[in-house]
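Asker: no sequence for this one, just the structure:
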């Protein structure tokens, strides 16, 4: 089921999300709905707070950035209770957008490589390194479970330039091609 995506201004997007317990009721269904919602909205990542659930859960499918479907470079993965252990490598800028902030994009500086501890959808623990676009998408989604939006990481001048558009989204005047809610 496609879930409505929570828009900028909703307090759930500003809260640090809570850990997901093993045996969480209907977790499989929530994950399935998050995948369906993300694909419907043409995203590459989606965090539980973006569908109104303050949980440390996000999904990522970066394969479209790598131009392959066989998993070489790109990945499709569920991250539960992720913990960022390290960020290293060069800082690099890349234009990001967010399904909770429709039609607004801006350059965000992020580190090129990260080390992350997380559980998959079966609550199997992993500790893994990611780099390049995989790292960027994970960091963007990780920010969501920490209560941080990408616009908080952009150049302050650019942010001021976008403020009137952000104010409209906060008031519910968003133009999105997918279901949204304030």
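Answerer: Alright, I've got the coordinates. Small disclaimer: the values here were computed from a predicted structure and weren't measured. Residues are numbered from 1 along each chain as shown.

Asker: which stretches of this protein form helices?
Answerer: 27-40, 63-66, 132-145, 156-170 (DSSP state H).

Asker: identify each buried residue in the third one, please.
Answerer: Buried residues in helix 132-145, defined by neighbour count with 16 or more other CB atoms under 10 Å: 132-145. (Glycine included, C-beta is placed from N, CA and C.)

Asker: for that helix, name the packing helices and strands.
Answerer: Contacts defined by 3 or more CB pairs under 8 Å, 6 or more residues apart in numbering; DSSP states H and E place helix 132-145 against strand 45-47, strand 57-61, helix 63-66, strand 76-98, strand 101-119.

Asker: contacts for the shortest one next, please.
Answerer: Contacts of strand 45-47 with the rest of the structure, by CB atoms under 8 Å, 6 or more residues apart in numbering, involve 5, 17, 34, 37-38, 57-62, 99, 137-138, 140-141, 144-145.

Asker: how much space separates the spatially most central residue of the chain from residue 155?
Answerer: Nearest to the mean C-alpha position of the chain, counting by CA atoms, centre = their mean, stands residue 141 at 2.7 Å. Distance of residue 141 to residue 155, computed by CB to CB, to the nearest Å: 22 Å.

Asker: surely residue 140 and residue 96 touch.
Answerer: Yes. Counting by CB atoms under 8 Å, residue 96 is a contact partner of residue 140 at 6.1 Å.

Asker: shared neighbours, the two?
Answerer: Joint contacts of residue 140 and residue 96 (CB under 8 Å, 6+ apart) are 108, 150.

Asker: isn't residue 141 right up against residue 58?
Answerer: Yes. The criterion here is CB under 8 Å, and residue 141 meets it with residue 58 at 3.9 Å.

Asker: overlap in contacts, these two.
Answerer: In terms of CB under 8 Å, 6+ apart, residue 141 and residue 58 are both contacted by the residues 45, 46, 47, 79.

Asker: of those, which is the nearest to residue 151?
Answerer: Nearest to residue 151 among these is residue 47, at 15.1 Å by CB to CB.

Asker: partner residues bridging the closest one?
Answerer: Beta-bridge partners for residue 47, by DSSP bridges, are residue 58.
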